[in-house]
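[1] can't give you the sequence, but here's the structure:
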């Protein structure tokens, strides 16, 4: 509000009073908006909570273990020289030499395994993340090759110990990705491939924010997916319906991915996934652009 300097003092006092009231009203409005946003966020979070109470307690125990860990590398440890607001987003410190991360997600039966095989055939410096699961092995699956098969009790204990980068419950079974082998592969400069559901995708993207890239892979329609699931002959009719329902829910998250592949033409999908993986080599990294800038400036 502009005040005319030729007004009398009384007018100035009146104007200042009105300004104070306006500021108070604006502050009150901001408070109301903040409270409304808080209620909305709380409602959204409430809708998304699906884990059993036992697993919720396990997650809390895992978080407490990480926060209270005395390790110098713990980003929440104030004695850590790298402790700052950014460090909280980069737990398990990033080494100077680093690989790349590509996350594949999408409905079961969309062709993720086929595209993963194509990547393995075309990249020598690749590490395919092997998930840990509580489900029973399918015919032909080998422990330590396709999955690490464990009991539910063992899985929950690993959650308590904070051993997982991400974990989720899918189709009444539990799946998770361990930290240790991922960290080793990245330190070796490898291309790390994740095949996870949308919950796992979100966890990995948050942990490696600004660094990991993701692809959502799907079929052209629900009926195409149904046909593929039925042709595998590994699921009952009830399980197929459950997978289709899960696929519908996953489709609601497409907008959160960096790339989308509709896998109705294998050759086109092959070119797309190879192009995406190759492009990861050109993502600027601190270890690269820092030295490049210094060399460029001194040349």
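    Ah, there it is. Worth saying up front: this structure is predicted, and the values here are computed from it rather than measured.
[2] Residue 226 and residue 245 touch, don't they?
    No - contact between residue 226 and residue 245 fails when scored by CB atoms under 8 Å: they sit 11.6 Å apart. Placement of C-beta: from N, CA and C, glycine included.
[3] So for the two, which residue has more residues nearby?
    Higher neighbour count among residue 226 and residue 245: residue 226, with 17 against 10, using other CB atoms under 10 Å.
[4] Please identify which helix or strand holds the residue nearest to that one when sequence neighbours are not counted.
    Leaving aside its chain neighbours, residue 226 sits nearest to residue 244 (6.2 Å; criterion: CB to CB, 6 or more residues apart in numbering). Per DSSP states H and E, residue 244 falls inside helix 237-251.
[5] contact partners of that helix?
    Residues from elsewhere that reach helix 237-251, judged by CB atoms under 8 Å, 6 or more residues apart in numbering: 105-110, 170-171, 197-198, 218, 222, 225-226, 229-230, 235.
[6] For the residue nearest to residue 208 when sequence neighbours are not counted, grab phi and psi.
    Nearest residue to residue 208, sequence neighbours excluded (CB to CB, 6+ apart): residue 101, at 5.6 Å. Main-chain dihedrals, residue 101, degrees, to the nearest 10: phi -130, psi 130.
[7] Same question for the one 4 residues further on.
    The phi/psi pair for residue 105 (degrees, to the nearest 10) reads phi -150, psi 160.
[8] For the closest residue to it other than its chain neighbours, which three-state class applies?
    Sequence neighbours aside, residue 201 is the residue nearest to residue 105 in space, at 4.7 Å (criterion: CB to CB, 6+ apart). Following DSSP: H, G, I helix; E, B strand; the rest coil, residue 201 is assigned to helix.
[9] Am I right that residue 201 is in contact with residue 256?
    Yes - between residue 201 and residue 256 there is a contact under CB under 8 Å: 7.5 Å.
[10] ok so, going back, contacting residues around the residue nearest to residue 208?
    186, 191-192, 194, 204, 208, 211-213, 280.
[11] For it, give its distance to residue 108.
    22 Å (CB to CB, to the nearest Å).
[12] which stretches of the chain form helices?
    Secondary structure of the chain by DSSP state H: the helices cover 9-48, 53-68, 112-122, 152-160, 179-187, 198-207, 222-232, 237-251, 266-279, 286-298.
[13] one step back: any chance you could list residues touching both of residue 201 and residue 256?
    residue 214.
[14] And those two? Which one has more around it.
    Shown here are residue 201 and residue 256; by other CB under 10 Å, residue 201 has more neighbours (25 against 13).
[15] so who does that one touch?
    103, 105, 194, 214, 253, 256-257.
[16] And residue 126, by the same measure?
    Contacts of residue 126 by CB under 8 Å, 6+ apart are 119-120, 190-193.
[17] I'd like to know which of the contacts of helix 237-251 are buried.
    For those, a burial check counting by 16 or more other CB atoms under 10 Å picks out 105-110, 170, 197-198, 218, 225-226, 229, 235.
[18] min pLDDT across the residues you listed, which one?
    Checked by pLDDT, these have residue 170 as the lowest-scoring entry (80).
[19] Give the bridge partners for that one, please.
    Bridge pairing for residue 170 (DSSP bridges) gives the partners residue 173.
[20] now it: how far from residue 176?
    Distance, residue 170 to residue 176, using CB to CB: 11 Å.
[21] And for residue 141?
    Counting by CB to CB, the gap from residue 141 to residue 176 is 17 Å.
[22] which of the two has more neighbours?
    Per other CB under 10 Å, whichever of residue 141 and residue 176 has more neighbours is residue 176, with 22 against 12.
[23] Model confidence for that one, exactly?
    So residue 176 comes in at 89 (pLDDT).
[24] give the contact list for the residue lying closest to it once chain neighbours are set aside.
    In this structure, residue 176 finds its nearest non-sequential neighbour in residue 167, 3.3 Å apart by CB to CB, 6+ apart. Contacts for residue 167 (CB under 8 Å, 6+ apart) come out as 155, 159, 174-177, 200.
[25] go on, residue 130?
    144-148, 181.
[26] Do you know the pLDDT at it?
    pLDDT, read off for residue 130, is 90.
[27] Ramachandran angles for it?
    Per degrees, to the nearest 10, the backbone of residue 130 is at phi -100, psi 120.
[28] Against residue 177, how distant is it?
    Taken as CB to CB, the span from residue 130 to residue 177 is 8 Å.
[29] next one: residue 213
    For residue 213, the distance to residue 177 - CB to CB - is 16 Å.
[30] Compare the two (neighbour count), which wins?
    residue 177 (22 against 18).
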